[in-house]
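> Next comes the sequence, and after it the predicted model I'd like to discuss.
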Amino acid sequence: MAAIATAPVTGESHLLRARSAAYALLARLLGPDQSGLTDAATIATLRKALDATDALAAARLGELDASTLPSQEQLAGRWVRWFDLGRVAPYEGSNVATTVGGITPRLADVAGFYRAFGVTVIGDRPDHVVAQLEFLALAVLAQAEAIERGDLEHAQIAASAVRSFLRDHIGGWIDAWAARVGAIDELAPWFPYAAAAADLVRSEAANRNVIPVRDGAALPADAGLADDEDAVFDCQSDEGDPPPAD
């Protein structure tokens, strides 16, 4: 039976809440809705959360200037070209070597974590970086809330889930993916957030004494993918119009 006691918001739970907020905001900024990239309130809230949790991740936002960003239409075109069409695929299964069983067991394991917390991914694969960051936000928040209500059993359950997810999933591939984002000039608007997410995941693992399982055969950027001309053609075919010129 869980230990129940009246407990105020502690330093530990305050830090966990800040990290949860940072994961949630980074997930939004790395997703298909480009409005967050120019939303001062969203970025200010992220800065505050990162300032409270991870100085290295916070420093990634040091030189952001929304006035230098392309238009929303150009950002949307770049997101589709690079992320949605798979040139720099934001999926765990696309950034690690394929095993004999393919990616199906990996996807099933990721989905199992989500089900344990009562959530599921609709309309996309569960190994998308946005879904994985959102799961960390949820699980870390669950730990904070359990601590605040004195429910040590559920705090430990949430903490164990976070450690396992860092070890077996996001901790093993997000660094490589963020580096791939940083290598593409057109993805410069997203790189500070990809790098901050990788920094935050790395420090989360270190704080929890977790060593992520890293695949020594992570895919190179263009492994098995269409070249640029094919990707642009596919984008034109999907949208009916050519992607905006940058």
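Here it is on my side, so go on.

> For this protein, which segments count as helices?
Per DSSP state H, the chain carries helices over the ranges 11-29, 40-53, 55-59, 72-78, 104-116, 129-148, 152-168, 174-182, 191-207, 228-239.

> Show the average pLDDT along the third one.
Helix 55-59 carries an average pLDDT of 97.

> And the fourth one, by the same measure?
Along helix 72-78, the predicted local confidence has a mean pLDDT of 96.

> quick one on the thing from earlier: can you add mean neighbour count and give the helices of the chain back as JSON lines?
(Glycine included, C-beta is placed from N, CA and C.) Rendered in JSON lines, the data for the helices of the chain read as follows (neighbours: other C-beta atoms under 10 Å):
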{"stretch": "helix 11-29", "mean neighbour count": "21"}
{"stretch": "helix 40-53", "mean neighbour count": "17"}
{"stretch": "helix 55-59", "mean neighbour count": "17"}
{"stretch": "helix 72-78", "mean neighbour count": "18"}
{"stretch": "helix 104-116", "mean neighbour count": "15"}
{"stretch": "helix 129-148", "mean neighbour count": "23"}
{"stretch": "helix 152-168", "mean neighbour count": "18"}
{"stretch": "helix 174-182", "mean neighbour count": "22"}
{"stretch": "helix 191-207", "mean neighbour count": "22"}
{"stretch": "helix 228-239", "mean neighbour count": "13"}
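
> Out of these, flag the one nearest residue 91.
For these, proximity to residue 91 was assessed by C-beta to C-beta; helix 129-148 is nearest, at 7.4 Å.

> Would you mind giving the helices of the chain as a markdown table with distance to residue 88 added?
Converted to a markdown table, these look like this (distance: least, C-beta to C-beta, whole Å):
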| stretch | distance to residue 88 |
| --- | --- |
| helix 11-29 | 16 |
| helix 40-53 | 22 |
| helix 55-59 | 20 |
| helix 72-78 | 10 |
| helix 104-116 | 19 |
| helix 129-148 | 11 |
| helix 152-168 | 22 |
| helix 174-182 | 5 |
| helix 191-207 | 9 |
| helix 228-239 | 11 |
